[in-house]
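[1] Return a 3D structure for these sequence lines:
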Amino acid sequence: MNILTIAISLFVILFAITIHEAAHGWAANRLGDPTAKMLGRVTLNPIPHIDPIGTVLLPAMLVIMGAPPFGWAKPVPVNPLNLKDPKRDNLFISAAGPLANLSAAFLAIILLKILKAAVPSVNYFLYSYLSGRGMPQGIQPLEGLSLILFFGVYLNVILAVFNLIPIPPLDGSGILIGLVSEKAAQKIETLRPFGFIIVLGLLYLGVFRLIIRPIYSAIILFLF
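    Okay, here's the model as predicted:
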């Protein structure tokens, strides 16, 4: 993977993580809890969201290793005492992050479709790059923009899907807890101390790669 691709991937994943966390804070504020807003977390400025390991080190290591980058930011604080219906509202707050990423991916794919239709050379450039022919020399600005938009689609979808896994502390667990009974929710919560280890185990076993491959293939088919 060349330097330009690494730089674009890291830029896009930072943006994707930022809108993900800002969406959590925005949803919490709309539902009655201003904690995240008062702490400056409802912003598209990435600095307040950065976690040194999850936002910087891990994505950089994955990109250098040639793996799809993902990561996390500092958790958005939510005070359930400020929510009218904590169980229901937490479902919406949890869902806001993945929905923000899917919305960003949808916008990026619309812009990419327009760009490909307006500039035929962009279509050829993307096809060559994604078919494994490598990055051509003398890349043009609009070709670079097409690559940013492609990664904007791909990485936002990956981040959304990853966070929808129903294992604490991922957003999927918050959504699931909002849908099940109190007894079932308590059982899900018992996984929280081991959630990070479980997620790492799934990554090590290659489960996440099995999810990523069809997503990547579907995006390529849709684009071409």
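
[2] need the helices for this structure, in chain order.
    Secondary structure of the chain (DSSP state H): helices at 3-30, 35-38, 58-64, 86-118, 120-128, 141-163, 171-179, 182-189, 195-204, 207-223.

[3] Ignoring the adjacent residues along the chain, who's closest to Leu31?
    Among residues not flanking Leu31 along the chain, Asp89 sits closest, at 4.5 Å (C-beta to C-beta, 6 or more residues apart in numbering). Every residue, glycine included, has its C-beta placed from N, CA and C.

[4] Which pLDDT value goes with Asn79?
    Here, the pLDDT recorded for Asn79 equals 95.

[5] Verify the stated contact: it with Ala36.
    No: the criterion here is C-beta atoms under 8 Å, and Asn79 misses it with Ala36 at 9.3 Å.

[6] follow-up on the earlier one: tell me which of the helices of the chain lies nearest to Ala73.
    The closest of the helices of the chain to Ala73 is helix 3-30. By C-beta to C-beta, the value is 4.5 Å.

[7] Centre-most residue in this structure?
    The centroid of the chain falls nearest to Leu159 when counting by C-alpha atoms, centre = their mean (2.6 Å).

[8] so that residue touches Ile13, yeah?
    Yes: counting by C-beta under 8 Å, Leu159 touches Ile13, with 7.4 Å between them.

[9] Would you mind listing the residues touching both of the two?
    Phe70 (C-beta atoms under 8 Å, 6 or more residues apart in numbering).

[10] low-confidence ranges in the chain?
    Applying pLDDT under 70 to the chain flags residues 1, 68, 134-138.

[11] Tell me which residues touch the nearest residue to Asp33 once chain neighbours are set aside, please.
    What sits nearest to Asp33 in space, not counting adjacent residues and going by C-beta to C-beta, 6+ apart, is Asn82, at 3.8 Å. Going by C-beta under 8 Å, 6+ apart, Asn82 touches Gly32, Asp33, Pro34, Thr35.

[12] Please render those residues as CSV that adds distance to Gly152 to the earlier fields.
    Output for those, formatted as CSV (distance: C-beta to C-beta, whole Å):
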residue, distance to Gly152
Gly32, 32
Asp33, 30
Pro34, 30
Thr35, 29
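
[13] Drop anything exposed from those residues.
    Applying 16 or more other C-beta atoms under 10 Å to the contacts of Asn82, the neighbour count classes Asp33, Thr35 as buried.

[14] Let me know the closest of the contacts of Asn82 to Gly172.
    Taking C-beta to C-beta as the measure, Gly172 sits nearest to Asp33 out of the contacts of Asn82, at 20.8 Å.

[15] ok, the closest one to Leu170 distance?
    According to C-beta to C-beta, to the nearest Å, Asp33 and Leu170 sit 20 Å apart.
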